[in-house]
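I would like to see how this sequence folds:
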Amino acid sequence: MRAGPTGPIATCSHGEKCETEEYEPLASFSLRVGNKDLAFTLHCVDLCNRYGLDAIALSEGISWSMKLHQRGLLSSAEAHGLDLSWGNQATIEALINRMAHRDGFGDVLVDSVRAVARKLGRGEELAVHSKGLEVFQADVRTSKAYGLGTAEIALVHRGRWLVE
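Numbers count the residues shown, from 1 in each chain. From the prediction side, this is the model:
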């Protein structure tokens, strides 16, 4: 591994070189979607980066659809034939690509989980978000300052906090 602009360079599951990421995108495409393969996780984060998409929002959409499927609230037919079982790498990669191109079920899922739940008319109680933006992996309930910031301006996945 060599160092890149934001971190070391690693080999992803398809042999391409990609930068390792910060915690949130790594957790997003591993724990959140039931994937245990680090190389595949790096590949998913790399795809999101190449498409210019928010890995946290995409992974929550994928995870939410898998949760609905597990509970019998979303069929494979509604997902255009995709197998929405937890950790299915082919489905995870297909959904990233389909969401990037607004193709098939990806076109439905690319909107926020709250918006998709409202559009489908089900699953809103399972949609994890704050003011419509998907929540990241950390539990910030014990951080008063973070909680206040979230309450005041909602979650921010990109950019930096401005402290005045």
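
where in this protein is pLDDT low?
Applying pLDDT under 70 to the chain picks out residues 1-22, 130-131, 133, 136-164.

now the helices for the protein?
23-28, 38-51, 55-70, 89-101, 105-109, 113-120, 144-153 (DSSP state H).

in the second one, what counts as buried?
Residues Phe40, Thr41, Leu42, His43, Cys44, Val45, Asp46, Leu47, Cys48 are the ones in helix 38-51 that count as buried (16 or more other Cβ atoms under 10 Å). (Glycine included, C-beta is placed from N, CA and C.)

and the two most separated of the residues you listed?
Phe40 and Cys48 (13.0 Å; Cβ to Cβ).

contacting residues for the closest residue in space to Leu53 that isn't next to it in sequence?
Nearest residue to Leu53 in three dimensions, chain neighbours excluded: Ala100, at 6.1 Å (Cβ to Cβ, 6 or more residues apart in numbering). Neighbouring residues of Ala100 by Cβ atoms under 8 Å, 6 or more residues apart in numbering: Leu47, Tyr51, Leu53, Gly106.

repeat for Lys119
Taking Cβ under 8 Å, 6+ apart, one finds Val108, Asp111 in contact with Lys119.

also Glu60?
Contacts of Glu60 by Cβ under 8 Å, 6+ apart are Ser28, Arg32, Val113, Val128, His129, Glu134, Val135.

you'd agree the second one is up against Gly61?
Just to be clear, that refers to Arg32. No - between Arg32 and Gly61 there is no contact under Cβ atoms under 8 Å: 10.3 Å.

tell me, how many residues neighbour Gly132?
Gly132 has 13 neighbouring residues, counting by other Cβ atoms under 10 Å.

same question for Gly87.
Residues within reach of Gly87, counting by other Cβ under 10 Å, total 14.

go on, Lys36?
For Lys36, the count of nearby residues is 9 (other Cβ under 10 Å).

for Gln70, see how far away it is.
17 Å (Cβ to Cβ, to the nearest Å).

distance check, the residue lying closest to Ala79 once chain neighbours are set aside against Asp111.
For Ala79, ignoring the flanking residues on the chain, the nearest one in space by Cβ to Cβ, 6+ apart is Phe105 at 4.6 Å. Between Phe105 and Asp111 the distance is 12 Å, computed by Cβ to Cβ.

and what of Ala57?
With Cβ to Cβ as the criterion, Ala57 and Asp111 are 9 Å apart.

neighbour count winner among the two?
Neighbour comparison, Ala57 and Asp111: the larger count goes to Ala57, with 23 against 17 (by other Cβ under 10 Å).
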